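[1] this one's sequence-less:
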């Protein structure tokens with residue numbers, strides 16, 4: 001007799017019907033999959049479950065195991081594949097079971113259902129369920145697997161935070177508003193406000209220019225003289241005089257907005273009050289700004305010379321909100337003290353309080369911008385190459401690296417030239433470390449030639465956490481890593497020919513003590529193709545942007 005868990009096949013169909021509302025074929029298949037997984041797990045183990053689809057299989061897991069979404073033992077990683085994994089909670093050792101397409105040639109209705117070859121209303125449900133019964137466990141594949149250690153143990157749910165907009169508590173690992181109020185997960189429609197759409201402006205007092213003498217201006221007014229000037233000819237709270245009338249008319253102003261103090265500050269916030277409030281939470285260490293807006297805008301500048309970094313995801317989310325904007329230079333740009341970095345402002349003259357609160361709540365999790373100081377490194381250069389060590393070829397690598405290092409006020413304290421011999425590379429690294437280097441730049445020997453042993457020698461010298469290869473041209477064979485607390489950069493031979501390479505993009509990040517991950521390198525692929533212009537204008541070009 002065919003069984004699923006402790007139930008007969010027909011009993012399980014009834015349980016599925018009661019739980020799901022109908023006899024879902026996916027849950028029936030999931031029942032067989034769970035049986036197979038449990039048969040291949042050691043008895044008595046405490047296990048968690050992963051479903052690779054959000055359709056049906058999570059129901060089967062919750063019906064037949066202690067794992068549920070509510071208790072956190074069931075996780076849905078929605079890859080879209082019809083597979084489950086049951087695994088030991090603490091070691092990650094487990095069993096993955098999937099429906100095997102290659103085993104379905106003899107089961108036409110199962111295959112048609114699985115591959116969606118026919119619309120649902122054309123499926124023969126009775127035949128489909130009969131084929132599932134008859135096929136039993138034969139149409140599934142069982143694999144022994146290990147789950148990523150990051151998924152083991154109890155899931156962190158975050159602490160309870162009070163949303164400043166709706167007033168309801170929610171779980172989060174950072175301050176700010178809940179996702180619903182920020183518009184990220186807005187499943188209810190409100191009659192009074194739709195996220196992404198600016199509230200209607202308050203009623204503004206508009207008077208003809210000729211009648212404006214003695215009145216208080218409501219905002220900065222810009223005068224533009226093409227090719228010569230753009231700036232505020234009048235500032236907010238200026239009182240119009242008779243001599244101003246001609247200037248206003250020259251600026252093309254037939255009317256002006258005047259401030260009679262009638263707009264409620266409980267409902268609306270003036271652009272000059274919005275911008276400083278936003279800037280205060282946007283600016284991190286190394287970033288400064290003048291508190292008085294100009295033309296409703298606050299401009300950020302570098303308080304120190306260093307590397308400008310941007311929380312790009314947060315910046316994108318901020319610019320999805322209604323009524324506000326912020327534009328910045330590219331993240332990871334090197335900047336000098338006093339240089340402009342970014343600017344923010346409100347779009348309308350008056351921003352609705354609700355929109356202002358939403359914007360500041362989003363920014364509550366941390367600053368948007370930082371300028372990180374660049375350390376003055378003591379650099380050791382390891383030049384690899386038997387032809388150089390034997391004096392057959394001049395070392396042209398060291399002058400290139402020395403010049404680029406010097407541009408960041410770092411110094412080369414020692415150079416070691418070694419042949420393409422693994423042991424020599426390792427010994428050369430140790431000499432650089434003994435000399436006091438806190439950054440080692442290894443040149444050449446990073447490609448696929450049989451004489452390229454630089455990586456092996458670095459590993460012998462203690463290289464860890466290393467990444468080899470980057471989606472950047474020139475510089476695809478770049479290497480990054482550490483020897484204890486000493487950073488290591490491997491520069492491929494292409495740097496001898498190309499004026500600008502991956503080294504120019506990565507060196508500032510290393511000097512700013514930024515940990516560079518594989519994901520960081522992957523993101524650099526967009527903009528990582530150098531055009532190798534006849535006259536190089538880097539960094540004033542698209543490379544690395």
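    Sure, I can see it. Since this is a predicted model, take the numbers as computed values, not measurements. Numbers count the residues shown, from 1 in each chain.
[2] so residue 441 touches residue 491, yeah?
    Yes - under the criterion of Cβ atoms under 8 Å, residue 441 makes contact with residue 491 at 6.1 Å. In short, each C-beta sits where N, CA and C put it, glycine included.
[3] from the middle of its chain, how far away would stretch 133-145 be?
    Relative to its chain's centre, stretch 133-145 lies at 39 Å (Cα atoms, centre = their mean, to the nearest Å).
[4] Show me the contact partners of it.
    With contacts defined as Cβ atoms under 8 Å, 6 or more residues apart in numbering, stretch 133-145 is touched by 2, 9, 32-33, 35-37, 40, 85, 87, 93-100, 103-104, 107, 110.
[5] Mark which of these are buried, thanks.
    Among the contacts of stretch 133-145, the ones that count as buried by 16 or more other Cβ atoms under 10 Å are 9, 32-33, 35-37, 85, 87, 94-99, 104, 107, 110.
[6] what bits of the stretch 151-300 of the chain have low per-residue confidence?
    Scanning the stretch 151-300 of the chain for pLDDT under 70 picks out 184-186, 189-200.
[7] do you know how far the residue sitting furthest away from the middle of the chain is from residue 214?
    Distance to the chain centre peaks in the chain at residue 242, reaching 54.9 Å (criterion: Cα atoms, centre = their mean). Distance, residue 242 to residue 214, by Cβ to Cβ, to the nearest Å: 9 Å.
[8] again, but for residue 447
    On the measure of Cβ to Cβ, residue 447 and residue 214 end up 77 Å apart.
[9] Please apply the same query to residue 381.
    From residue 381 to residue 214 the distance is 72 Å (Cβ to Cβ).
[10] The two: which is more packed in?
    residue 381 (26 against 10; other Cβ atoms under 10 Å).
[11] Quick one: list the elements packing against the host helix or strand of that one.
    Counting by DSSP states H and E, the element that carries residue 381 is strand 378-384. Counting contacts by 3 or more Cβ pairs under 8 Å, 6 or more residues apart in numbering; DSSP states H and E, strand 378-384 packs against helix 397-406, strand 411-418, helix 422-434, strand 439-443, helix 454-460.
[12] List of residues touching stretch 109-123?
    Contacts of stretch 109-123 (Cβ under 8 Å, 6+ apart): 25, 82, 99, 101, 104-105, 124, 127-128, 131-132, 135, 139.
[13] Going by residue numbers, what spans are strands in the stretch 1-150 of the chain?
    Applying DSSP state E, counting those that start in this stretch to the stretch 1-150 of the chain gives strands spanning 3-4, 7-8, 47-51, 74-76, 83-88, 93-99, 140-146.
[14] So for the last one, mean pLDDT?
    When the per-residue pLDDT values of strand 140-146 are averaged, the result is 96.
[15] Direction included, what does that strand pair up with?
    strand 93-99 (antiparallel) (DSSP bridges).
[16] relative orientation of the strand it pairs with and strand 83-88 in degrees?
    160 degrees (axes from the mean of the first three to the mean of the last three Cα atoms, to 10 degrees).
[17] quick one, strand 93-99 and strand 47-51 angle?
    Going by the same axes, to 10 degrees, strand 93-99 makes 30 degrees with strand 47-51.
[18] gap between the spatially most central residue of the chain and residue 366?
    The centroid of the chain falls nearest to residue 313 when counting by Cα atoms, centre = their mean (5.5 Å). Applying Cβ to Cβ, the value for residue 313 to residue 366 is 11 Å.
[19] care to break this structure down by domain?
    3-151, 205-258, 270-373, 378-523 (automatic domain parsing).
[20] Show the end-to-end separation of the shortest one, please.
    Using Cα to Cα, to the nearest Å, one end of domain 205-258 lies 6 Å from the other.
[21] List the contacts of the nearest residue in space to residue 475 that is not next to it in sequence.
    Closest residue to residue 475 apart from its sequence neighbours, by Cβ to Cβ, 6 or more residues apart in numbering: residue 502 at 2.7 Å. Contact partners of residue 502, counting by Cβ under 8 Å, 6+ apart, are 470, 472, 474, 475, 476, 478, 528.
[22] give me the number of residues near the second one?
    The one in question is residue 472. Applying other Cβ under 10 Å, we find 24 residues neighbouring residue 472.
[23] Please verify my assumption that residue 456 contacts residue 422.
    Yes - taking contacts as Cβ under 8 Å, residue 456 lies within contact range of residue 422: 4.8 Å.
[24] correct me, but residue 129 touches residue 22?
    No - taking contacts as Cβ under 8 Å, residue 129 lies outside contact range of residue 22: 11.6 Å.
[25] and these two? which has more neighbours close in?
    Neighbour totals were compared for residue 129 and residue 22, and residue 129 leads with 18 against 10 (other Cβ under 10 Å).
[26] Spit out the contact partners of the more buried one.
    13, 23, 25, 28.
[27] In this model residue 130 seems to touch the third one, though I could be wrong.
    The reference is to residue 25. No - using Cβ under 8 Å, residue 25 makes no contact with residue 130, being 11.3 Å away.
[28] between these two, which one's more packed in?
    Per other Cβ under 10 Å, whichever of residue 25 and residue 130 has more neighbours is residue 25, with 21 against 14.
[29] Who are the contact partners of that one?
    Taking Cβ under 8 Å, 6+ apart, one finds 56, 113, 125, 128, 129, 132 in contact with residue 25.
[30] contacting residues for the fourth one?
    Read it as residue 128. Contacts of residue 128 (Cβ under 8 Å, 6+ apart): 25, 109, 110, 113.
[31] so how far is residue 121 from the second one?
    To tie it back to what came earlier, the one meant is residue 109. 14 Å.
[32] Neighbour count: these two, which is higher?
    More neighbours surround residue 109 than the other of residue 109 and residue 121, with 21 against 5 (other Cβ under 10 Å).
[33] Return the set of buried residues in stretch 5-17.
    The neighbour-count check on stretch 5-17 (16+ other Cβ under 10 Å) flags 5, 7, 9, 12, 13, 15, 16 as buried.
[34] for stretch 320-334, that is, sorry about that
    In stretch 320-334, counting by 16+ other Cβ under 10 Å, buried: 321, 322, 323, 324, 326, 328, 329, 331, 332, 333, 334.
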